Structures are given as structure tokens and as C-alpha cells.
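Q: Sequence and computational prediction follow.
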Amino acid sequence: MIKHCTEQGKNPIYFVRYEDLVANKAKELEGVMRFLLGVDNLEGTNCQTRIAQICGDVGASQPYKLKASTGKMNVHAHKFNKEQVDEIKKHNEELLYLFGYASHPE
């Protein structure tokens with residue numbers, strides 16, 4: 001499906017990585033909305049205003065109390081042994097490269 005959308009250009013697709021959303025919520029939300037609306041710029045739109053409100057008002061954008069681990073990367077990595085990690089890497093190799101989690105050996 002990813003090759004169909006990215007390399008062959010058959011259907012538009014937009015990827016958002018969780019860690020990018022945590023690190024820069026406003027930038028990522030703006031990217032998603034530009035993609036969905038098919039525009040290059042959100043300047044002066046209600047969408048831009050709403051993103052600023054969501055990112056500026058922590059209370060309004062959090063419907064429940066966040067866990068202590070929320071927003072932290074690799075918090076649960078210790079729960080996997082080496083064999084499990086190797087298996088995950090093997091089955092997700094292409095995605096790890098595509099999304100920038102691993103460098104291609106070549």
C-alpha cells in the first residue's frame with residue numbers, strides 16, 4: 001500500500017510519526033490540515049486559529065489526566081528482550097527505513 005501511494009503516486013497519503021507530534025504538535029497538526037484541505041498555507045484560516053488554541057491551552061486539549069509516560073520515547077523498550085526486538089526489526093525493516101527509525105546499511 002505504501003509503495004502504491006508513495007512511489008506510484010496512485011493515492012495521496014500523509015504520514016505523522018507520534019514522536020514528531022509530541023515534539024512539535026502545532027507543526028504536525030498544521031501539516032495534516034494543509035494535506036486534508038489541499039492548501040499550501042493556513043495563514044488567516046479558522047484552522048490555524050484552532051490549532052493555536054489547541055496547542056496553547058493544555059487544559060482544553062486534554063480530556064483526561066495524562067500518564068507519567070505520555071510524551072516520552074521508548075518508555076516500554078525494557079519490556080522486550082533481544083529476540084523480540086530482532087523479530088520486530090526483521091518484520092518491519094522497510095517501515096523502519098521509510099520512517100527514519102533506521103539508517104540503510106548501503
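A: Great, that's in hand. Worth saying up front: this structure is predicted, and the values here are computed from it rather than measured.
Q: Next one: the residue lying closest to Arg17 once chain neighbours are set aside from Glu93, what distance?
A: Using CB to CB, 6 or more residues apart in numbering and skipping the chain neighbours, the partner closest in space to Arg17 is Phe99 (6.0 Å). No exception for glycine: its C-beta is placed from N, CA and C like everyone else's. The gap separating Phe99 from Glu93 is 11 Å, by CB to CB, to the nearest Å.
Q: Mind pulling the model confidence for Thr70?
A: Here, the pLDDT recorded for Thr70 equals 67.
Q: Phe15: how many residues sit nearby?
A: Residue crowding around Phe15 was assessed by other CB atoms under 10 Å; the count is 13.
Q: helix or strand for it, which one?
A: When secondary structure is defined by DSSP states H and E, Phe15 falls outside every helix and strand.
Q: buried set for the biggest helix by length in the chain?
A: When the chain is parsed with DSSP state H, its longest helix is helix 25-37. Buried residues in helix 25-37, counted by 16 or more other CB atoms under 10 Å: Glu28, Leu29, Glu30, Gly31, Val32, Met33, Arg34.
Q: ditto for stretch 37-46
A: By neighbour count on 16+ other CB under 10 Å, the buried set for stretch 37-46 is Leu42.
Q: quick one on the thing from earlier: between the buried residues of helix 25-37, which sits nearest Lys72?
A: Nearest to Lys72 out of the buried residues of helix 25-37 is Glu28 (CB to CB; 17.3 Å).
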